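Chemist: Build me a model from this:
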Amino acid sequence: MIFTSFAYLLFLPTVVILYWLLPQRFRLPMLLAASYLFYMSWIPIFGLLILGLTLFNWLWGKLLAKSADRKKFVFAAGIAINLICLAYFKYTNFFIGTFETLLRPITHSNSHIALNIILPLGISFFVFEFIHYLFEINRGRKPIDSFVLFALFAAFFPTQIAGPIKRFPDFQAQMQEEKKISLSYFDEGIPLIITGVAKKLLLADNMAVLVDMMANTHASYGSLETWLMAYAFAFQIYFDFSGYTDIGRGSALLFGYHIPLNFNLPYIAANMSDFWRRWHISLSSWLRDYLYIPLGGSRGSKLHTDRNLLLTMALGGLWHGASWNFVVWGIYHGLCLIVHRNFSQWRDNTTHLRTFLDSKAFNVLSILLTFHAVCIGWVFFRVTDIGAAFSMVKKMVFMSPIFTKAEAGHFLVFRPELPVIIPTAIALVALLLVATPLVGHLRQSGYFQRVPAPVKALYFAIVIFSIVTFCPDSTTPFIYFQF
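Modeler: Sure, this is the predicted structure:
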């Protein structure tokens with residue numbers, strides 16, 4: 001069951017009605033049962049896997065809280081068991097394939113072993129929430145006593161497949177408070193859901209048509225066309241993932257639950273560090289709190305800090321998928337963060353060009369450079385063939401060939417789609433520079449909340465009509481479902 005399916009259109013209102021009709025003491029068990037029904041609608045047997053992991057971490061958290069002399073061992077064992085479970089389902093074939101590749105010069109064998117392992121939906125997000133829970137118990141927080149509360153924290157259906165990654169103290173407090181139905185929940189939640197569906201079906205899935213076409217025939221395109229594909233994928237993945245998050249946050253609001261914001265206008269970030277404070281916020285803060293800081297953070301020498309950044313982002317890339325292109329994507333972002341950190345230190349200590357570095361013009365230039373650096377990274381994220389990805393990035397960086405070459409008397413022939421491609425690329429950049437900050441300002445000012453109800457109704461009626469009319473014939477799965 002996915003958020004944009006007809007089944008979810010029936011499932012969500014049914015659960016919402018039951019939730020508010022039931023007495024307080026029955027609401028959480030019903031919501032837990034509904035969450036497992038939602039998860040098991042894909043492959044029912046995996047519900048037992050998630051239930052087993054949930055039971056283990058609930059009991060292990062209690063054991064960890066009571067441990068004294070062997071607390072470090074209990075904590076390390078709990079983390080290891082969660083990671084082993086994740087590694088088995090997600091990385092077994094990746095490790096086997098990598099090992100075979102390393103041995104190939106010795107064995108001269110082209111055989112390939114691949115185990116028939118199906119990756120359970122959302123297991124990465126489940127495991128990260130469990131690890132976060134054990135970390136916090138190890139740091140002195142009290143474990144959750146009720147199994148129903150702990151199981152619902154992990155399985156809450158608006159966030160179970162692709163996040164955001166929740167923090168248990170905040171979510172536990174929301175589960176334990178007595179909730180009364182409020183019109184504000186629906187006034188905020190339903191528009192979020194409609195907006196998320198529009199982002200996914202109207203924008204992301206239409207972008208996917210162009211991205212898939214160009215990614216599958218990348219060798220046929222020049223540098224400008226490759227840049228267009230990178231632009232299109234940048235907006236596809238943003239609308240796809242932020243659309244999922246909007247639907248999830250809106251669905252949670254219908255029950256009175258506030259899920260943390262996962263995106264904050266990431267494409268107006270002025271540097272790569274700022275980008276990661278705005279993009280997939282729950283993941284980047286998780287990597288900071290439970291990987292980067294435990295590795296030593298910025299407490300050591302400059303070399304150690306750079307190593308910690310690079311290792312954190314490389315592992316963050318590997319978390320996204322069992323493929324070397326994701327590792328390269330993570331390393332690339334780690335290097336970008338290192339460059340930005342060193343530039344920031346130089347900027348703080350220099351008096352030269354200070355006026356320019358503090359100017360609005362430099363800020364706009366920084367936003368453009370950061371956006372294009374992110375787009376280069378998206379090529380490694382989207383194209384699984386490492387060689388092809390590097391070839392595309394080479395075209396983009398060196399702008400050669402600018403247009404597609406064709407065998408026609410050795411002359412450069414303009415492709416017939418170029419009159420469409422170039423204006424489209426310009427329109428995408430204009431959307432970045434104009435529309436995104438405008439929407440952010442209106443949202444932060446609370447303007448949308450002050451709009452009269454009839455105007456809102458008309459607006460969302462037009463959005464729904466546009467979704468029905470202009471969405472592509474076939475939709476694609478949410479990108480982050482595979483992680």
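Chemist: pLDDT weak spots in the stretch 351-483 of the chain?
Modeler: Filtered on pLDDT under 70, the stretch 351-483 of the chain yields the residue ranges 403-451, 473, 482-483.
Chemist: tell me the pLDDT at the most centrally placed residue in the chain?
Modeler: In the chain, the residue lying closest to the centroid (C-alpha atoms, centre = their mean) is residue 280, at 4.9 Å. Looking at residue 280, its pLDDT reads 92.
Chemist: wait, isn't it in contact with residue 241?
Modeler: Yes: between residue 280 and residue 241 there is a contact at 7.2 Å, judged by C-beta atoms under 8 Å. All C-beta spots, glycine's among them, are computed from the backbone N, C-alpha and C.
Chemist: Please identify every residue contacting each of these two.
Modeler: Listed as contacting both residue 280 and residue 241 by C-beta atoms under 8 Å, 6 or more residues apart in numbering are 262-263.
Chemist: nearest spatial neighbour of residue 322, skipping sequence neighbours?
Modeler: With C-beta to C-beta, 6 or more residues apart in numbering as the criterion, residue 322 has its nearest non-adjacent residue at 3.6 Å, and that residue is residue 94.
Chemist: Now do the helix or strand containing the one you found: distance to the chain's middle.
Modeler: Residue 94 is part of helix 71-107, with elements assigned from DSSP states H and E. The chain centroid and the centroid of helix 71-107 are separated by 23 Å under C-alpha atoms, centre = their mean, to the nearest Å.
Chemist: Please identify the buried residues of that helix?
Modeler: 74-75, 78-79, 81-82, 85-86, 89-91, 93-94, 97, 100 (16 or more other C-beta atoms under 10 Å).
Chemist: Identify the farthest-apart pair in these.
Modeler: 74 and 100 (36.3 Å; C-beta to C-beta).
Chemist: What about residue 60, how many residues nearby?
Modeler: Other residues near residue 60 come to 22 when the count uses other C-beta atoms under 10 Å.
Chemist: Could you find the closest non-adjacent residue to it?
Modeler: Per C-beta to C-beta, 6+ apart, closest to residue 60 is residue 78, 4.6 Å.
Chemist: ok, now residue 253?
Modeler: Once flanking residues are discounted, residue 253 sits nearest to residue 189: 3.4 Å by C-beta to C-beta, 6+ apart.
Chemist: hang on, the earlier thing: and the residue nearest to the centre of the chain, how close does it get to residue 105?
Modeler: Residue 280 is 38 Å from residue 105, where distance means C-beta to C-beta, to the nearest Å.
Chemist: Then residue 125?
Modeler: 38 Å.
Chemist: repeat for residue 190
Modeler: Residue 190 is 59 Å from residue 105, by C-beta to C-beta.
Chemist: One more: residue 260?
Modeler: Residue 260 is 48 Å from residue 105, by C-beta to C-beta.
Chemist: about what we covered before: of all the buried residues of helix 71-107, which comes closest to residue 294?
Modeler: residue 79 (10.3 Å).
Chemist: Now do the contacts for the closest one.
Modeler: Contacts for residue 79 (C-beta under 8 Å, 6+ apart) come out as 131, 134.
Chemist: now residue 18
Modeler: For residue 18, the contact set (C-beta under 8 Å, 6+ apart) comprises 30, 34.
Chemist: which SS class is it?
Modeler: At residue 18, secondary structure determined by DSSP: H, G, I helix; E, B strand; the rest coil is helix.
Chemist: Also residue 300?
Modeler: Secondary structure, three-state DSSP: residue 300 is coil.
Chemist: what's near enough to touch it?
Modeler: The contact partners of residue 300, by C-beta under 8 Å, 6+ apart, come to residue 308.
Chemist: can you check residue 113 too?
Modeler: Taking C-beta under 8 Å, 6+ apart as the criterion, residue 113 is in contact with 96, 100.
Chemist: Just confirm it is within a helix.
Modeler: No: the assignment for residue 113 by three-state DSSP gives coil, which leaves it out of any helix.
Chemist: Would you quantify the distance from residue 138 to residue 75?
Modeler: Distance of residue 138 to residue 75, given as C-beta to C-beta: 5 Å.
Chemist: go on, residue 393?
Modeler: Distance, residue 393 to residue 75, using C-beta to C-beta: 41 Å.
Chemist: And residue 458, by the same measure?
Modeler: Distance from residue 458 to residue 75, counting by C-beta to C-beta: 55 Å.
Chemist: again, but for residue 55
Modeler: Shown here: residue 55 relative to residue 75, a distance of 18 Å by C-beta to C-beta.
Chemist: that older thread, surely the residue nearest to residue 322 touches residue 323?
Modeler: Yes: because the distance of 6.9 Å satisfies C-beta under 8 Å, residue 94 is recorded as touching residue 323.
Chemist: any low-confidence regions in the stretch 201-350 of the chain?
Modeler: If you take pLDDT under 70 as the line, the stretch 201-350 of the chain has no such spans.
Chemist: Helices of that one, residue ranges please.
Modeler: 205-216, 223-253, 272-278, 281-287, 293-295, 302-320, 324-349 (DSSP state H, counting those that start in this stretch).
Chemist: now the fourth one, how far from the chain's geometric center?
Modeler: Put plainly, it is helix 281-287. Centroid separation for helix 281-287 versus its chain: 10 Å, with C-alpha atoms, centre = their mean.
Chemist: Read off the pLDDT value for the residue nearest to residue 253.
Modeler: Residue 189 is assigned a pLDDT of 91 by the prediction.
Chemist: Count the neighbours of it for me.
Modeler: Residue 189: 23 neighbours (other C-beta under 10 Å).
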